[in-house]
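Trainee: Following is a predicted model, sequence given first.
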Amino acid sequence: MYDLDPPLDPFAMRAKYFPAGAEPSDSLSVCRPTGLTALFTPNDETNRRIRTQKARANQPSVEPNTTLATDTDTTSQSSTPAGLTWQISSAAKKAKKRNAASTANTASVANLPQVTADSQLKEMLAAMQNEIADIRTKNERILKENGNMHGEIERISKENERTSKDEDSPREWQHARDSKENERILNENESMHDEIEEIRNENERIDNDLTSVRKDLEAARDKHTSDVEALREVTALLVPLHLRVLLDLARKKVLEHLGHETWEELRASRSVFQLADTIFNDLKQKGVSYSPSYQSIFFLCSYNNIRRAGNTAAHSAKEDDVRHAVLTQSLGSHDRKCLESLFTYAYNGVQV
């Protein structure tokens, strides 16, 4: 109370009484900006005591103090701070408990001496001042702790901000490095994709080439098979012809050794046996080297299967084989012209 500016003198305060049904505006109308105005709302007991005091109007010296004492039983909200109002109410309740025994009897309360009321008010004000001082000390301590906590929070906030910056720096560097690495990998993947596409195209081209080669190989295989078959047929035809050539060469050799022009001239009217004996004996008399045996000479003189097969092969050639044989002759030669003419005649007008 006494630390207020201006100091609050409890003995200099004047109380303003309001009936129970008074409006708050009536209570606020008495507030002054130059000091602390305490507003009290009397209860039923206080109203009764006030009426008793008014009945004792012949004792004006007692009214202010008695009224002030009776008004401390219940206090309403004032223009003081909320904590101070609560402390005043608490102190009033404690004082009320201490004076409960003395206020039980209405007649005895009305006859309390002035000194007792003043002592009670002083005790209440002293208790209120002590509690206010304690609250003020606690508030100062709390404010100081709050200040320290605020400083600590500020320091931690700055430390967190610095740590966040320190962490963000390598994180950004790592992110930049990862971005470059990812970009490099993407470029490599793109390059590999292009290379794979080229390889795929090359493989496709190779597959097409292989398909073409397979077709060519298949055609060549078919042609080779056809050629082998044709060669086999030609060989089958040539073997008898070559064997007949061998027989003709042997007969020609006999004609040379025995001095005859043709085989028909040598044979004349002789039989095969007579002809074989004549040739064998004449060659032996002349001492011809490598003279064949009698069986070989008899085989040469007879019309055997080898000569018969050769004659058949010479007369059983296919049309294409004969055409190919004609085409082997020199173009424009006399023989070529004669052979082409005979080919057309023999095959009923078919041109070479």
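Mentor: Everything's here; your move. Numbering: from 1, shown residues only.
Trainee: drop to CA atoms for contacts and neighbour counts, all remaining ones
Mentor: Noted.
Trainee: Centre of the chain to the helix or strand Pro170 falls within, how far?
Mentor: Following DSSP states H and E, one finds Pro170 within helix 114-258. Remark: helix 114-258 is offset 8 Å from the chain centroid, using CA atoms, centre = their mean, to the nearest Å.
Trainee: State the next helix or strand along the chain beyond that helix.
Mentor: helix 263-267.
Trainee: same for that next one, what does it pack against?
Mentor: Identification of packing neighbours for helix 263-267 by 3 or more CA pairs under 8 Å, 6 or more residues apart in numbering; DSSP states H and E yields helix 114-258.
Trainee: For the helix it packs on, which helices and strands make contact with it?
Mentor: helix 63-70, helix 82-98, helix 263-267, helix 272-286, helix 294-301, helix 305-314.
Trainee: give me that answer again for 7 Å
Mentor: On a contact count with 3 or more CA pairs under 7 Å, 6 or more residues apart in numbering; DSSP states H and E, helix 114-258 meets helix 63-70, helix 82-98, helix 305-314.
Trainee: buried set for the following helix or strand past the last one?
Mentor: The helix or strand immediately downstream of helix 305-314 is helix 319-327, counting by DSSP H and E. Applying a neighbour-count criterion of 16 or more other CA atoms under 10 Å, the buried positions in helix 319-327 are Val326.
Trainee: Determine the angle, from 0 to 180 degrees, between helix 319-327 and helix 114-258.
Mentor: 70 degrees (axes from the mean of the first three to the mean of the last three CA atoms, to 10 degrees).
Trainee: among the helices and strands packed on helix 114-258, which gets the worst mean confidence?
Mentor: If you rank the helices and strands packed on helix 114-258 by mean pLDDT, helix 63-70 sits at the bottom with a mean of 41.
Trainee: Please read off the pLDDT at the residue of the chain positioned farthest from its centre from the model.
Mentor: Largest separation from the mean C-alpha position in the chain: Ser269, at 109.8 Å (CA atoms, centre = their mean). What the model reports for Ser269 is a pLDDT of 86.
Trainee: got it, and Gln174?
Mentor: 82.
Trainee: Could you report the distance from it to Lys180?
Mentor: Distance of Gln174 to Lys180, computed by CA to CA, to the nearest Å: 10 Å.
Trainee: ok, now Val254?
Mentor: 103 Å.
Trainee: Mind checking which of the two has more residues around it?
Mentor: Val254 (20 against 12; other CA atoms under 10 Å).
Trainee: how far away is that one from Cys301?
Mentor: 11 Å.
Trainee: same check, this time on Ser333
Mentor: Taken as CA to CA, the span from Ser333 to Cys301 is 38 Å.
Trainee: So for these two, which sits in the more crowded spot?
Mentor: Cys301 (20 against 10).
Trainee: Could you double-check that that one lies in contact with Val272?
Mentor: Yes - using CA atoms under 7 Å, Cys301 makes contact with Val272 at a distance of 6.1 Å.
Trainee: shaky segments in this protein?
Mentor: 1-43, 57-115, 167-169 (pLDDT under 70).
Trainee: Would you map out the domains in it?
Mentor: 24-112, 230-346 (automatic domain parsing).
Trainee: Ser291: neighbour count?
Mentor: 14.
Trainee: meant to ask about Lys284, not that
Mentor: Residues near Lys284, counting by other CA under 10 Å: 13.
Trainee: Kindly report the same for Ile185.
Mentor: 12.
Trainee: same thing with the one 10 residues further on?
Mentor: A total of 12 residues lie near Glu195 under the criterion other CA under 10 Å.
Trainee: can you check Ile297 too?
Mentor: Neighbours of Ile297 using other CA under 10 Å come to 22.
Trainee: That one contacts Ala276, doesn't it?
Mentor: Yes - between Ile297 and Ala276 a contact is recorded at 5.8 Å, counting by CA under 7 Å.
Trainee: Not counting sequence-adjacent ones, nearest residue to Ser330?
Mentor: Arg336 (6.4 Å; CA to CA, 6 or more residues apart in numbering).
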